[in-house]
Each structure stands twice: as structure tokens, then as C-alpha cells.
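>>> Mind looking at a prediction? Sequence and model below.
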Amino acid sequence: MAALRREGRRFATPLISPRPIAAIRSPFLSEEDAPLGVRSISTQIVRNRMKSVKNIQKITKAMKMVAASKLRAIQVKAENSRGLWQPFTALLGDTPTVDAKKNVIVTISSDKGLCGGINSTAVKISKSLHKLNSGPDKENKYVILGEKAKAILVRDSKKDIELIITELQKNPLNYTQVSVLADDILKNVEFDALRIIYSKFHSVVSFLPTMATVLSPELVEREAESGGKLGELDSYEIEGGETKGEILQNLAEFQFSCVMFNAVLENACSEQGARMSAMDSSSRNAGEMLDRLTLTYNRTRQASITTELIEIISGASALEG
Amino acid sequence: MFRQASRLLARASAVTRSRAFSSQVPAAPAVDSTFVESWKKVNPNMEPPKTPSVYMTPRPQTPTSIPSKLTVNFVLPYASELSAKEVDMVIVPASTGQMGVLPGHVPTIAELKPGVLSVHDGNDTKKYFVSSGFAFIHANSVADIIAVEAVPIDQIDPSLVQKGLAEFNQKLSSATTDLEKAEAQIGVDVHSALNSALTG
């Protein structure tokens, strides 16, 4: 009995996945004070474990396939929309270091989890930007798209959050939906500079956190007057509209909706790509765990058979001799 | 004063960098060094986020003489209809009327109204009906046209246009609130523009 228990304990330790916690003993050990003669309980435990790990492997493989097919669909859209923001950057330049009193940080994240680290990187960058742009009379506000960023930011920056938008991907993403969203944001939030944080889809394994800046028309005028990157803006003739201010207002709003459209699509692609790689590594880990459990199972099974044989043989020899 | 200095520094560094890479193929990141430095002060352990100018191919410099062809980028949210295509002339439907753009055109920002955009290259012309948008013409003879929707003219069905025009006219006359009136007016404008595009 004691021998069985000792044997059981030696083989039960590899039961616990060696990955994080190698030293903790299995909770099943206490139930291993099995009635004498029932040798198969320890194999039962290992078998149960193996079944659940196999199920996990199947689920994560299926999730990877689903993410791959969703990625294929949305990647085409994202790549087609890449030309949309380029004219605006060519005209107005890219001004991440602009000095603005009212900064609004638009953080784009996903609604669902299990997608690797993209959401936490986006939130970390938003928080750093908040710190970067903090000053005596500057204020920073958040507009959050997506459940995951909301969960993190609501905890410590609740008073700075202006708007929270979730369930963006319930219907397939299209420009009309995003422009309505952009309109909502522009109406309800006062801003001098909008900074949009998203993960740009570089490739299936690489997602680059990116920050796009959209300036309000007043800030554009101010920057154009003081020279610098927007200095040549004054040399452009304005066609249409009554005043230059009106055109700049329309321009800023159009720019915001175009940049948002691209950002939302790229973020969705990054989410699916990150989910693919996360599920892929998960199924690979499950496969390795299954291999180790199989070895343990065979060892346990053989050990119990050997013990039975020994007992029979020693019993028989005791009778003879 | 410090702000001016940093902006001048950024401009100087950006200009030299873009001049160096203007003849090379893309992948020439014009990273904003002041941003990277200020980021490092706040968060030294993390990489700063990239900015969109890194992903763009830098635009060519303003040439000294007027080039022979106009480079057109015509983009829509769902596709880049024309990207860096060399053409002779484009006619854009600006809100002040049809505007012809030739190489060497003065830099302009034009707001577009629903109308016909035609691209002339040698002897062939392609006409699109655009809903609205903006057109930027830069000093280096690059024209960027951004529209929300654009359809080649031959894909428009005249009977549907007539039906739509009648319907919106009727809505305009029966509209009560300002919002309904505005929506109906927009519908009438677009359909009459479509009509004249098909006939004209």
C-alpha cells in the first residue's frame, strides 16, 4: 500500500504541466489511497487529463482556422483602403509632436479576447501618450473603441474617458458606419488634436502599433501661419466654399473619417492575425502536453501491471516454497 | 522659442531625409526624431508608436520645369482606382464648376460636388461619376482625388436615374422637417447631376 503510494507519487508529479508550476503536487494524490486491488485509478486520472487536453487542442485549432478565414476576408479590404489616408498626409504632413491644448486619444481595440498582446500594447501606448502630453493647461481625454481597452482604462482613468464605443464588428465594417461613428465623435468631443492609436497590420506575424494625428481646423491654421511642416498650406488655392475656414473644417472631418476607416480595418486585421498566432501556439503547447501525458500514462500503466505481476508471483512462490 | 527650434529641427531633418530618398524606391521611413526623443523621456522601455508618414512612399520634389504628365491618385474607401497614373489632364467637378487640371497647375485644394470626373490620357478618356470628396493638386504635378463613391459612367442605368429623380422631387415637395428637406434636396442634386452626366 505504501509502496503503491510511493510509486504513484513519483509518477504523478509529471502530471502537472511542467510549464509554469513544476513543484506543486497534484491534488488528486490524496484520493489515491485507493482500496486495495484497484490499480487503475491513477491511469484513470491521466486519461481524463489527456481527454481534456485533446479537446482543448481541437478547439484552439478550430479557432485558428476561423481566424484565418476572417483574416483573409478583411485583409483585402484593409489593403484597398490604404490609399485613403495618404493624400491627407501628403497635404497636411504628419505632426505627432504638435502642441495642442485639448488632446483626444482615440484607442482602437478589439471586443473579443484571446488575441495576443495587441490590446494591452495599445492601452500602454495610450497611457504613455497621456503622460507625454500632460502639462499645465493641457487636457487629455480618451475615446475608447472596443471592450478590451475599456476594461483596462475604466479602472484607472475613468474621469478622462469621454466616449466608449463597443460592438463595432457586429456588422461587416464599411465606410458609412465608420463615418457615422466619426461624426458622433466630432460632435460630442472638443478637440485640438485627435490621436488615433491602432495596430497596423504589417504581416500575419507582425503588428506595428501606430499613432495617426488629425488636427482641428484652428490648429491647422495656426501651424500653417507659424511655418514648419504645414507652412506651404497657405500657397494652396481654395476652390469652392465661402471661406477658407469652412473648407478646412470639411477637410478635417473628411480626414478624420478616412483615417478612422483605415485604422479600424487595420486593427481588425491585426486582431485576427494575433488570434491566429495565439491559437496556433496554444494548440502546439497542447500537443506537447499530450505527448508528455501519453508517456506518463504508459509508464503508470506498465508500473501497475508490473506490480500486479510481482504480487502474483511472490504469492505463488510463497505457496510453493 | 524652444517650440520653434524643435519644429525647425524636425523640418530640417525631414527635408534632408526626403531629399536623400526621393529617387529611391519606398521603405524610406521619415521618422520624426523629436517625437521619438520625447517618447523616450516618458517611456524609455517601450518602442514609440509608428506614425503614418513611415508607411508612405515619399512624394517627389517640386521640379524646376513643368513636367509633361500629371500624376493622378484617385482613391476610394474600398479601392485605389488609379494610383500614380501618368495622364495628360483630368477634369474634376469642383463645387465651383468643372475644373481642368494640367501638369504645372497651381497648388489647389478643391471641394468636389457630385459630378463627372474625366481622366484624359492621350486619346482615351475615362469618365467616372463621383459622389463628393476632395481634390488636392500639389506643386509637383501630383493630383490626389479622394471620393466617397465613384462609378464608371457606363455602369449607370438611365431609367433608375429618372425614377430616383422623380422620387426625390416628390419627397422634397412633401417634406416637413428641415432634416427631411435637406435629405430630399441632396437626393435631387445627386440625381440631376447623374442625369446631366448621362446626357452631357
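Now that the structure is in, tell me what you want to look at. This is a predicted model, so every value here is computed, not measured. Numbering: from 1, shown residues only, chains lettered A, B, ... in the order given.
>>> On the pLDDT front, check residue 153 for me.
By default, I'm working from chain A. At A:Leu153 the predicted local confidence, pLDDT, stands at 92.
>>> Correction: the question concerned chain B.
pLDDT, B:Ile153: 86.
>>> what about A:Tyr198, helix or strand, and which?
strand A:193-203 (DSSP states H and E).
>>> quick one: average pLDDT of stretch B:187-197?
Model confidence over stretch B:187-197 averages 85 on the pLDDT scale.
>>> residues making contact with that stretch?
For stretch B:187-197, the external contacting residues (C-beta atoms under 8 Å, 6 or more residues apart in numbering or on different chains) are B:93, B:113-116, B:127, B:129, B:131, B:153, B:156, B:161-162, B:164-165, B:167-169, B:171-172. Using the backbone N, CA and C atoms, a C-beta is placed for each residue, glycine as well.
>>> The residues you listed also near chain A: which ones?
The subset of those within reach of chain A, by C-beta under 8 Å from any C-beta of the partner chain, is B:Lys113.
>>> Among the contacts of stretch B:187-197, which ones are in strands?
With DSSP state E as the criterion, strands contain B:93, B:115-116, B:127, B:129 from among those.
>>> How many residues are close by B:Ile186?
Neighbourhood size, B:Ile186 [other C-beta atoms under 10 Å in any protein chain shown]: 14.
>>> So it belongs to a helix, correct?
Yes - residue assignment for B:Ile186, taken from DSSP: H, G, I helix; E, B strand; the rest coil, places it within a helix.
>>> For it, give its distance to B:Leu172.
Taken as C-beta to C-beta, to the nearest Å, the spacing of B:Ile186 relative to B:Leu172 amounts to 10 Å.
>>> before we move on, what about A:Ile152?
Distance of A:Ile152 to B:Leu172, given as C-beta to C-beta: 49 Å.
>>> Which strands or helices does the longest strand that chain B contains pack on?
Of all the elements of type strand in chain B, the one with the most residues (DSSP E) is strand B:79-87. In terms of contacts (3 or more C-beta pairs under 8 Å, 6 or more residues apart in numbering or on different chains; DSSP states H and E), strand B:79-87 is packed against strand B:70-76, strand B:115-121.
>>> Just want the angle from it to strand B:115-121.
Per axes from the mean of the first three to the mean of the last three C-alpha atoms, to 10 degrees, the angle that strand B:79-87 makes with strand B:115-121 is 40 degrees.
>>> For the closest residue to B:Ala147 other than its chain neighbours, which residues count as its bridge partners?
Counting by C-beta to C-beta, 6 or more residues apart in numbering or on different chains, B:Gly133 is the residue found nearest to B:Ala147 once chain neighbours are left out, at 3.7 Å. With DSSP bridges applied, B:Gly133 shows beta-bridge pairing to B:Leu112, B:Ala147.
>>> So what's the residue count around A:Gly315?
Summarising burial for A:Gly315: neighbours were counted as other C-beta under 10 Å, giving 10.
>>> In terms of helices and strands, where is it?
Taking DSSP H and E as the definition, A:Gly315 sits inside helix A:244-320.
>>> Any stretches of chain B with poor pLDDT?
Applying pLDDT under 70 to the predicted model, the residue ranges of chain B that meet it are B:1-30, B:200.
>>> If you could redo that for the stretch 101-250 of chain A, that was the one I meant.
Where the stretch 101-250 of chain A drops into low confidence, which here means pLDDT under 70, it does so at A:227-229.
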